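Peer 1: Turn this into a structure:
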Amino acid sequence: MPKYLISYRKTETSGQKPEWTSFTTVSETSIEAHAVRERVNKRMSALGEQLWGNGEVVWVGEGRLDDVLYKREEATPEISIVYGLVEE
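Peer 2: Residues are numbered from 1 along each chain as shown. Reported below is the predicted structural model:
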């Protein structure tokens, strides 16, 4: 099954500098932006986190795990969530 890396910018308190956090998920079907957003919302709710940025979800393509993480760093500052397919 395809494995996806999902990263989002989060803060735990207002005024805090945002930082990236990531998790992986597997899915039999391809994941679309709205499904990624739902997964991030569930995770943030459970962890008491707040999403930072404009809420935009961006596909960064596929590659090795380190490649997808590198592409995450290239996202513009207002982007909240990035995701990509991790090659195994």
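
Peer 1: On the strand side of things, show who the spatially closest residue to Glu49 that is not a sequence neighbour bridges to.
Peer 2: With sequence-adjacent residues excluded and distances taken as C-beta to C-beta, 6 or more residues apart in numbering, Glu49 is closest to Lys10, at 4.3 Å. Just so you know, the C-beta spots here come from the backbone N, C-alpha and C atoms, and that holds for glycine as well. Note on Lys10: beta-bridge partners by DSSP bridges are Glu19, Leu51.

Peer 1: again with Tyr83
Peer 2: With DSSP bridges as the rule, Tyr83 is bridged to Ile6, Trp59.

Peer 1: re the thing from before, spit out the contact partners of the residue nearest to Glu49.
Peer 2: Going by C-beta atoms under 8 Å, 6 or more residues apart in numbering, Lys10 touches Pro18, Glu19, Trp20, Thr21, Met44, Glu49, Gln50, Leu51, Trp52.

Peer 1: Which one of those residues is nearest to Val68?
Peer 2: Trp20 (11.8 Å; C-beta to C-beta).

Peer 1: All the helices of the chain, in order from the start?
Peer 2: Applying DSSP state H to the chain gives helices spanning 33-47, 65-73.
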